[in-house]
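**Student:** Okay, here's the prediction I keep looking at, along with the sequence it came from:
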Amino acid sequence: MGFSNSIYRHLQKISGKPNVTKEKEELLCYSYDATGNSFLPDAVVFPESEEEVARILKLASKEKLVVVPRGAGSGMTGGAVPVKGGLVIVTSRMNKIFDIDENNFLVRVQPGVIVSDIHKTVEEKGLFYPPDPASSSVCTIGGNIGECAGGPRAVKYGVTRDYVLGLRAVLPSGEVIQTGVATVKGVAGYDLTRLIVGSEGTLAVVTQITLKLLPLPATIKTMAVFFDTVQKAAKTVSGIMRETVVPRCVEYMDEACLDLVKDYFSFDLPENTKALLIIELDGDVSSVEKDAQNIKTLCFSYDALDVIVAKDQTEAQKLWDARKALSPVLYKIATNKINEDIVVPIDKIPDMVQVTQKIQKTSGLKVVSFGHAGDGNIHCNIMYNKANENELKRAEKAVDELFDATLSLGGTITGEHGVGMTKMKYLPREIGATQIELMKGIKRVFDPQNILNPGKIF
């Protein structure tokens with residue numbers, strides 16, 4: 001049945017009148033994410049507890065009401081967009097950090113906690129939560145769980161799933177499950193924790209997360225390395241990963257990126273700079289100093305124009321501010337972008353750079369590349385103006401070419417943004433029909449009525 005006044009009143013009883021809305025101007029705020037795609041929900045609810053989430057989903061199951069879980073709406077593939085309308089569950093009020101277990105290196109949090117708040121809170125106690133997506137100052141840990149977010153430090157430390165020990169979550173039926181363990185090891189039964197991480201809110205609504213922490217590194221050293229061709233930068237990345245210690249970050253920015261963010265830097269770019277690597281090392285002081293010198297020597301052996309080591313945390317932060325500003329400032333080039341987070345094997349990065357340059361020529365559109373080169377994860381942005389139908393067609397053709405090239409190089413069409421609604425049609429290119437049917441079968445077991453975030457992934 002549809003969304004009725006009685007359902008709305010029931011939601012008000014569960015979460016309180018101020019925490020449910022169906023006012024159009026408020027619904028608009030929860031109709032879109034960073035893709036710009038927009039679909040209006042029928043209502044939005046802001047629960048404060050797991051019990052409320054369970055009651056909401058029990059009601060939704062009984063009434064066959066579509067439900068879409070949502071964090072901060074910073075996703076890049078439409079995962080939180082209510083494409084079928086229905087009810088959006090926003091987790092912003094579920095924002096407690098319950099406790100930090102310093103002896104066992106654990107933290108328990110609710111899904112609405114902002115990721116940078118986890119970073120700050122645990123670092124005050126000498127602990128470290130490595131995953132750091134570019135949107136960490138706004139995105140929620142629940143959203144990171146849904147998409148299995150990564151970020152620059154993934155090259156050394158891995159992605160969100162590598163730090164999730166256990167979950168509490170509510171099934172579409174309203175039943176509460178607890179998955180995983182509070183220990184480093186645990187193989188009792190199927191790994192439901194890892195199944196839910198990265199499932200894009202299609203299997204369950206996560207209500208509590210147990211995260212593994214590490215000791216905070218003693219020191220960090222940040223370097224900027226400049227090149228006069230993108231190919232040299234790409235080959236240097238392969239060289240660093242093969243010949244030296246693994247840095248915690250190796251970020252790549254092409255010439256178009258540098259033109260957009262050069263005002264952020266506390267230094268002038270060397271003449272004829274066409275590409276920049278941001279390299280970051282961490283660990284104990286003596287080993288970091290030695291590793292930095294080795295990387296500096298290696299970069300010059302690959303014909304770097306210059307290597308600048310940040311003098312202090314302020315100068316290092318300016319480099320990262322420039323990198324994190326990239327996604328929004330791209331709109332200075334064109335009104336729209338298709339942002340693809342492809343991944344290729346590290347030794348294929350030079351080939352991928354050539355592909356993106358070729359696509360730029362054949363499409364006649366600006367193709368801007370940046371991202372986590374240290375693990376082969378390049379964010380390739382195809383810029384176009386939506387009002388120009390011809391440009392839109394060329395952009396879509398460019399995506400086809402990009403994905404075909406990525407898969408032919410042994411890569412994947414998405415490293416951290418997920419499939420959502422924007423990559424659904426491309427999924428069969430990477431994953432065989434038998435595997436897709438298995439995944440659909442898993443979805444049916446969790447959500448037999450298909451009420452939880454329908455219209456995503458498949």
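**Tutor:** Received the coordinates, thanks.

**Student:** Is residue 288 in contact with residue 223, as I believe?
**Tutor:** No - assessed by CB atoms under 8 Å, residue 288 is found out of contact with residue 223, at 10.9 Å. Quick note: C-beta positions are derived from backbone N, CA and C, even for glycine.

**Student:** Which strands and helices lie in contact with the worst-scoring helix or strand of the chain on mean pLDDT?
**Tutor:** Lowest on mean pLDDT, DSSP states H and E among the helices and strands of the chain sits helix 313-329, with a mean of 90. For helix 313-329, the elements it packs on are strand 219-227, strand 249-254, helix 255-261, strand 275-283, judged by 3 or more CB pairs under 8 Å, 6 or more residues apart in numbering; DSSP states H and E.

**Student:** and if we set it to 6 Å?
**Tutor:** Contacts defined by 3 or more CB pairs under 6 Å, 6 or more residues apart in numbering; DSSP states H and E place helix 313-329 against helix 255-261.

**Student:** For the helix it packs on, buried residues please.
**Tutor:** Neighbour-count burial for helix 255-261 flags 255-258, 260-261 (criterion: 16 or more other CB atoms under 10 Å).

**Student:** got it, and stretch 284-300?
**Tutor:** 288, 291-292, 295-296, 298-299.

**Student:** List the contacts of it.
**Tutor:** Contacts of stretch 284-300 with the rest of the structure, by CB atoms under 6 Å, 6 or more residues apart in numbering, involve 218-219, 221, 225, 236, 239, 244-245, 281, 307.

**Student:** Please repeat the previous calculation with a cut-off of 10 Å.
**Tutor:** Taking contacts as CB atoms under 10 Å, 6 or more residues apart in numbering, the residues outside stretch 284-300 that touch it are 217-223, 225-227, 232-233, 236, 239-240, 242-247, 250, 277, 279-283, 304-309.

**Student:** what about burial for those residues, which qualify?
**Tutor:** Here, 16+ other CB under 10 Å leaves 220-223, 225-227, 232-233, 236, 239-240, 244-245, 247, 250, 277, 279-283, 304-305, 307-309 buried among these.

**Student:** got JSON lines for the buried residues of helix 255-261, with distance to residue 59 too?
**Tutor:** JSON lines is the format used below for the buried residues of helix 255-261 (distance: CB to CB, whole Å):
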{"residue": "255", "distance to residue 59": "54"}
{"residue": "256", "distance to residue 59": "49"}
{"residue": "257", "distance to residue 59": "47"}
{"residue": "258", "distance to residue 59": "52"}
{"residue": "260", "distance to residue 59": "47"}
{"residue": "261", "distance to residue 59": "47"}
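
**Student:** What is the nearest of those to residue 127?
**Tutor:** Taking CB to CB as the measure, residue 127 sits nearest to residue 261 out of those, at 31.3 Å.

**Student:** how deep is the residue lying closest to that closest one once chain neighbours are set aside tucked in, by neighbour count?
**Tutor:** With sequence-adjacent residues excluded and distances taken as CB to CB, 6 or more residues apart in numbering, residue 261 is closest to residue 322, at 4.1 Å. Using other CB atoms under 10 Å, residue 322 has 24 other residues around it.
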